[in-house]
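Novice: Just need the structure, nothing else, for what follows:
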Amino acid sequence: MARMLALLFEAQKALPSEPDLAKLLLDNLGRLIRQTSVRSTAELTLLPSQPAHEPPPTGGLAAWQMHKVIGHVSRNLAGNIRTEELANEVNLSTGHFFRAFKATMGETPHSFVVRQRVRRAQQMMLETGDTLSEIASACGLTDQAHLTRLFKRMVGTTPLVWRRRWQDDGAADLACGARA
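Specialist: Residues are numbered from 1 along each chain as shown. Presented below is the predicted three-dimensional model:
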């Protein structure tokens, strides 16, 4: 924000005597604003870590239980995660855990794990140059086709299209940063 204000102030000072410099400064300001909004938009397009759902006052998992389950899922996304494992993490029977989890989160444990896998894939696509096959494997999915099916169902587009869109925006951001 301070950099944006500085560019605006400098452009305002340069406008009467050096309009070309003022235009360049305003162009840089515009790029900086776009760069900031692209980052914000990228965060908004990541799947939410959980669906919008108000937990019921009773019948759900305690906060410590959810913390343990979420931690276990996050640490083990690359492997096979079974509902029985999650139930064992919080010392509940599988059936009771399933009902309590769904009451708390608004989705089944399996749906939650799939959401976390797709979310992790999105983060990896933004942060690494790994191939989609490598990302699928790192997220515990059988292959790139499996990632593509789940991704398209949950995000609405294929991973390749989604990644290219953000890579193109990222390349534009880098170019803006180089000039600014």
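Novice: How are the helices of this structure distributed by residue range?
Specialist: Ranges of helices in the chain, per DSSP state H, are 2-14, 19-45, 63-75, 83-89, 94-105, 109-127, 132-138, 144-155, 159-179.
Novice: Averaged pLDDT, the third one. What do you get?
Specialist: Here the mean pLDDT over helix 63-75 is 91, rounded to a whole number.
Novice: who does it touch, helix- and strand-wise?
Specialist: With contacts taken as 3 or more Cβ pairs under 8 Å, 6 or more residues apart in numbering; DSSP states H and E, helix 63-75 sits against helix 83-89, helix 94-105, helix 109-127. Where you see a C-beta, it was placed from the backbone N, CA and C, and this is true even at glycine.
Novice: Check the offset of the last one from the chain's centre.
Specialist: In terms of Cα atoms, centre = their mean, to the nearest Å, the centre of helix 109-127 is found 8 Å from the chain centre.
Novice: Contacts made by that helix with the rest, please.
Specialist: Residues from elsewhere that reach helix 109-127 (Cβ atoms under 8 Å, 6 or more residues apart in numbering): 42, 45-47, 49-51, 69, 73-74, 77, 81, 83, 86, 97-98, 101-102, 105, 107, 130, 132, 135-136, 138-141, 147, 150-151, 154-155, 159, 162-163, 166.
Novice: so where's this structure uncertain?
Specialist: 1-7, 20-25, 27-28, 31-32, 34-58, 169-180 (pLDDT under 70).
Novice: Using TSV, lay out the helices and strands packed on helix 63-75 together with distance to residue 62 and mean neighbour count.
Specialist: Shown next, in TSV, are the helices and strands packed on helix 63-75 (distance: least, Cβ to Cβ, whole Å; neighbours: other Cβ atoms under 10 Å):
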stretch	distance to residue 62	mean neighbour count
helix 83-89	13	17
helix 94-105	9	18
helix 109-127	16	20
